[in-house]
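Peer 1: here you go, sequence then predicted model.
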Amino acid sequence: MTNNVLNGYQFKNGLTVKNRIVMSPMTTMTSFYNGMVTSDEVNYYAARAGGPGMIITGVANVTALGKGFEGELSVASDDMIPGLARVASAIHQNGTKAILQIFHAGRKSTRKVLRGAQPVSASAIAASYPADSDTPRAMTEAEIETTITAFGEATTRAIKAGFDGVELHGANTYLLQQFFSPNANQRTDQ
Ligand SMILES: Cc1cc2nc3c(=O)[nH]c(=O)nc-3n(C[C@H](O)[C@H](O)[C@H](O)COP(=O)(O)O)c2cc1C
């Protein structure tokens, strides 16, 4: 009975969810050009809040260079906090917990999306798909440190916006996965 999906659950840190149903992150690609939240997004989450114990938002980029596609949420600067707060508050209706998914697209971004800037990754190796992927620039060690800090700053912004937590998007061949993969990471430094 305690494992019933409709029963609540308490995480070790004390956070409780009213049931064990989680809405997985699904980007709607409806943010403004700069990643700011639109009313369409707020309405999308409001329409789904209340049922699941937890809703995870679509991905939000933690730095400008981490943007992967048009219409993506951004958590890369403080001016995104008021819009993100509208999303968190829409999800909180009827007790659903709100999680912001955060990421950096790395070499899965393009010069077009980055308005001319070269995408970055662990090493200067293009993704094998799509076939015309831009070759990224290998991040400097200092950039890696800054990007790690950016994940932390993004988490602070999520907390300020009222989210209950963040999810690190480490799948789907984005930057975190690129660092784990010998296909993308052939660095010899630490
Ligand atoms: C339209 C759409 C957008 C998605 N966006 C994200 C996303 O932003 N982050 C993520 O981790 N997964 C994303 N996914 C993957 C889903 O969260 C889910 O893992 C995937 O659809 C597999 O579940 P399914 O077999 O029930 O579809 C997306 C999926 C869809 C269909």
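Peer 2: Cool, the structure landed. Residues are numbered from 1 along each chain as shown.

Peer 1: next, count neighbours for the nearest residue to Ala105 once chain neighbours are set aside.
Peer 2: Closest residue in space to Ala105, ignoring its immediate chain neighbours: Gly68 at 3.0 Å, by C-beta to C-beta, 6 or more residues apart in numbering. For every residue, glycine as well, the C-beta is placed using N, CA and C. Number of residues near Gly68 (other C-beta atoms under 10 Å) recorded here: 23.

Peer 1: contact partners for Gly68?
Peer 2: If a contact means C-beta atoms under 8 Å, 6 or more residues apart in numbering, then Gly68 has Val59, Asn61, Phe103, Ala105, Lys108, Ser109, Val113, Tyr174 as its contacts.

Peer 1: who wins on neighbours among these?
Peer 2: Of all the contacts of Gly68, Phe103 has the most neighbours under the rule other C-beta under 10 Å, reaching 31 neighbours.

Peer 1: show me what contacts the nearest residue to that residue once chain neighbours are set aside?
Peer 2: Of all residues not flanking Phe103 in the chain, His169 sits nearest, at 3.6 Å (C-beta to C-beta, 6+ apart). The contact partners of His169, taken as C-beta under 8 Å, 6+ apart, are Pro25, Val59, Gln101, Ile102, Phe103, Leu176.

Peer 1: and for Ala85?
Peer 2: Ala85 neighbours (C-beta under 8 Å, 6+ apart): Lys160, Ala161, Gly162.

Peer 1: can you check Lys160 too?
Peer 2: Ile81, Ala85.

Peer 1: what pLDDT is listed against it?
Peer 2: Lys160 carries a pLDDT value of 98.

Peer 1: how near is it to the ligand?
Peer 2: 22 Å (C-beta to the nearest ligand atom, to the nearest Å).

Peer 1: so for the host helix or strand of Ile102, mean pLDDT?
Peer 2: Here Ile102 sits within strand 97-103, counting by DSSP states H and E. Average pLDDT, strand 97-103: 98.

Peer 1: and that strand, what does it pack against?
Peer 2: strand 54-61, helix 81-91, helix 141-160, strand 165-168 (3 or more C-beta pairs under 8 Å, 6 or more residues apart in numbering; DSSP states H and E).

Peer 1: hmm, 10 Å instead?
Peer 2: For strand 97-103, the packing partners by 3 or more C-beta pairs under 10 Å, 6 or more residues apart in numbering; DSSP states H and E come out as strand 22-23, strand 54-61, strand 73-74, helix 81-91, helix 141-160, strand 165-168, helix 175-180.

Peer 1: looking at those, which one is packed in the most?
Peer 2: Of all the helices and strands packed on strand 97-103, strand 73-74 has the most neighbours on average by mean count of other C-beta atoms under 10 Å, namely a mean of 28.
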